[in-house]
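# all I have is the shape, not the residue letters:
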């Protein structure tokens, strides 16, 4: 298990880490991460103060962050930055509310010549919320 500080170090995205904890990790192959959504999250309040939700674009970003953890854990990628180069076949099926635990599961399909292709999905209580395919470039 990787803690939030290690995730922040890998992602270098503070103050917007959208991953609280990595629950499972197979370096360069797959990762599972979670984010507890709460009322104090600025994105939840700013989206709609009367009915706070997590914006879909941040759900996608959370999945991408878990993907970056899976990719960056490999020794040959630790000193490089992974930049999101493409998002394909994305579907957001349901909203995410404060009190929900967003679980992100990602699989790295290919890493070749400075690029990585991956797919991921987010669920809440086992129900599919979002799925997407990602392309990352390394620099």
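Arrived safely. Remember, it's a predicted structure, so these values are computed and weren't measured experimentally.
# burial count for residue 61?
17 (other C-beta atoms under 10 Å). For the C-beta atoms, the positions are set from N, CA and C on the backbone; glycine is no exception.
# over to residue 19?
Neighbour number of residue 19 under other C-beta under 10 Å is 25.
# likewise residue 107?
So residue 107, with other C-beta under 10 Å, has 15 neighbours.
# that one pairs with what?
Note on residue 107: beta-bridge partners by DSSP bridges are residue 30, residue 119.
# dump the residue contacts of residue 101.
By C-beta atoms under 8 Å, 6 or more residues apart in numbering, residue 101 lies in contact with 34, 35, 36, 37, 124, 125.
# which two of those have the greatest separation?
Of all pairs drawn from the contacts of residue 101, the greatest distance, 13.8 Å, lies between 35 and 125 (C-beta to C-beta).
# comparing those two, which residue is more hemmed in?
Between residue 35 and residue 125, residue 35 has the larger neighbour count (other C-beta under 10 Å), namely 24 against 8.
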